[in-house]
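S.K.: Predicted model and sequence below, questions to follow.
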Amino acid sequence: MAKNNFYLVISIALSILIVWFFFRVFKEENIKLMTRNTIPPFEFTDHKNANFSSEYLKDKVYLVKFFFTRCPVICKKLNANMLLIQKEFMDRDDFAIISFTVNPEYDNPQILMTHAQKLGAIHKNWFFLTGEKDKIYNLARKHFLYSTRKDSTAEGGFLHTQMFTIVDRNGNIRYRLDDKNNPLTYDGTNIKDIQILKKDIKAILSEEK
């Protein structure tokens, strides 16, 4: 009798585990990605000292981050995790990465090119952009909704977000809701968020054009 009870307990435990597993898989596969605002057309200068227009991003899904090359702390982690994204989507021509410097007065195209080479940014659609400071800050604040500014109290002298942002083929910012139905921001320093980000990028890439 004791032996039968043991097998019964094991059977119930396995059944619960299987149900939980399929619930998790079903939940992940049916994540609803929300749409926020649309990013307006923009033009800046890339790390190759060429004019870069957002028109190039038409029909592409792209990931955005804000950084500066002299960033002493979080940018190293942001860069390392962005390299994981690059590796995941290396073969996708319809995917791009856009890195906006928040210190364009120092980060000229030559500086950005050196930075890109040292970093290992080899995806053909990874662009490091510089230009007029006010235009970059305006884009960050009004459309990506990130506080970006020069700040003597911040490490490195500039304040910028550590979040990554997905933009779909139509220029719309996309995100998922967390378990409490709050907008989920993708923390570029958090490896768990990076794994979620990969799944959401794949989901958006699979959407019909």
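M.R.: Okay, I see it.

S.K.: show me where pLDDT drops low in the protein?
M.R.: 1-31, 147-160, 209 (pLDDT under 70).

S.K.: Tell me where it has helices.
M.R.: Taking DSSP state H to define them, one finds helices in the chain at 2-29, 74-88, 109-119, 133-138, 191-205.

S.K.: Just give the nearest non-adjacent residue to Asp178, would you?
M.R.: Excluding the flanking residues, the one nearest Asp178 by C-beta to C-beta, 6 or more residues apart in numbering is Leu184, at 4.7 Å. C-beta coordinates here come from the backbone N, C-alpha and C atoms, glycine included.

S.K.: meant to ask about Ile74
M.R.: Ile74 sits nearest to Gln162 (C-beta to C-beta, 6+ apart), 5.1 Å away.

S.K.: again with His115
M.R.: With C-beta to C-beta, 6+ apart, the residue lying closest to His115 is Thr69, at 4.6 Å.

S.K.: Verify the stated contact: Ile39 with Phe144.
M.R.: Yes - when contacts are counted by C-beta atoms under 8 Å, Ile39 is listed as touching Phe144 (7.5 Å).

S.K.: who's in contact with the residue nearest the centre of the chain?
M.R.: Residue closest to the average C-alpha location in the chain (C-alpha atoms, centre = their mean): Phe164, at 3.4 Å. Counting by C-beta atoms under 8 Å, 6 or more residues apart in numbering, Phe164 touches Leu63, Val64, Lys65, Leu78, Met82, Ile85, Tyr186, Asp187, Gly188, Asp193, Leu197.
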